[in-house]
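Visitor: A predicted structure for the sequence below; I have some questions about it.
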Amino acid sequence: MTIGKRLQKAREGVDREKLYPLADAIKMVKERAKSKFDETIEIAINLGVDPRHADQMVRGVVNLPNGTGRTLRVGVFARGAKAEEAKAAGADVVGAEDLVEKVQGGAIDFDRCIATPDMMPLVGRLGKVLGPRGMMPNPKIGTVTMDVANAVKGAKGGSVEFRVEKAGIVQAGIGKASFSEDKLVENVKALADAVSKAKPAGSKGTYIQRVAVSSTMGPGVKVEPGTILG
């Protein structure tokens, strides 16, 4: 497999076997984010869990102290006063039966989905559409709530949902290359703290096993797992 010249150059100076302290890894990734657009800085955390077992599922939501640098479109399933509350809080799409019909028809004009509890019997019909996209509202992560205003503001202000994938990996965007190193480090630590607190009872042995950070177009840099906490 051939490697593009840009990636080949970006890999120069990165020891692919070495584990770097978080601050050093973030600095290296930022230095190599040379695209014409503001690249997203991402983290991948390998966990000592097997998500096939219900007691080893890891998921949650965290408010990154410095935001994500990305503007999310938020959809809210609500009626009456709660629908008006959602609109006032900045929701991009608000509806009830009408919104369910649109989504069933393939029109998903939002990145994050919130619903009031009374709407869930309706929204439940959308499981096959929203589920595979990781967008199904869930009370455990605060997306099924009567407090739609705060949920919308959180989604708009930098809250990040995380969920462990089949291979036992949590991946998330933790900011943009234009962010300062300190802000990116703060965001990583906030995410790592939330993932750590979400450790399931079924997880045995080392929980946070491997960590890497990268930019959209750049190489991955391995991180000392102990440096992402605290």
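Guide: That came in fine, so what should we check first? Since we're looking at a predicted model, the values are computed, not measured.

Visitor: what about the protein, any weak spots by pLDDT?
Guide: 1-11 (pLDDT under 70).

Visitor: now Gly106: how far from Asp92?
Guide: 17 Å (Cβ to Cβ, to the nearest Å). Using the backbone N, CA and C atoms, a C-beta is placed for each residue, glycine as well.

Visitor: More neighbours: which of the two?
Guide: Asp92 (19 against 7; other Cβ atoms under 10 Å).

Visitor: what about Val62, is that helix, strand or coil?
Guide: At Val62, secondary structure determined by DSSP: H, G, I helix; E, B strand; the rest coil is strand.

Visitor: Pretty sure Phe162 is one of the things it touches, is it not?
Guide: Yes. When contacts are counted by Cβ atoms under 8 Å, Val62 is listed as touching Phe162 (7.0 Å).

Visitor: buried sites along the strand or helix carrying Arg210?
Guide: Assigned by DSSP states H and E, Arg210 belongs to strand 208-215. Residues of strand 208-215 classed as buried by neighbour count (16 or more other Cβ atoms under 10 Å): 208, 210-215.

Visitor: Then stretch 19-35?
Guide: Across stretch 19-35, burial judged by 16+ other Cβ under 10 Å covers 19-20, 22, 24-30, 32-33.

Visitor: With secondary structure and distance to Arg112 as extra columns, can I get those residues in TSV?
Guide: Formatted as TSV, the buried residues of stretch 19-35 follow (DSSP: H, G, I helix; E, B strand; the rest coil; distance: Cβ to Cβ, whole Å):
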residue	secondary structure	distance to Arg112
Leu19	coil	33
Tyr20	strand	32
Leu22	helix	27
Asp24	helix	33
Ala25	helix	28
Ile26	helix	26
Lys27	helix	31
Met28	helix	31
Val29	helix	26
Lys30	helix	27
Arg32	coil	30
Ala33	coil	25
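
Visitor: max-length helix in the chain?
Guide: Using DSSP state H to define each element, the chain has its longest helix at helix 181-197.

Visitor: from the middle of its chain, how far away would that helix be?
Guide: 12 Å (Cα atoms, centre = their mean, to the nearest Å).

Visitor: what residues does that helix touch?
Guide: Outside of helix 181-197, the residues that reach it under the criterion Cβ atoms under 8 Å, 6 or more residues apart in numbering are 22-23, 26-27, 30, 41, 43, 45, 47, 58, 60-66, 68, 160, 162, 170, 172, 174-175, 179, 207-208, 213, 228-230.
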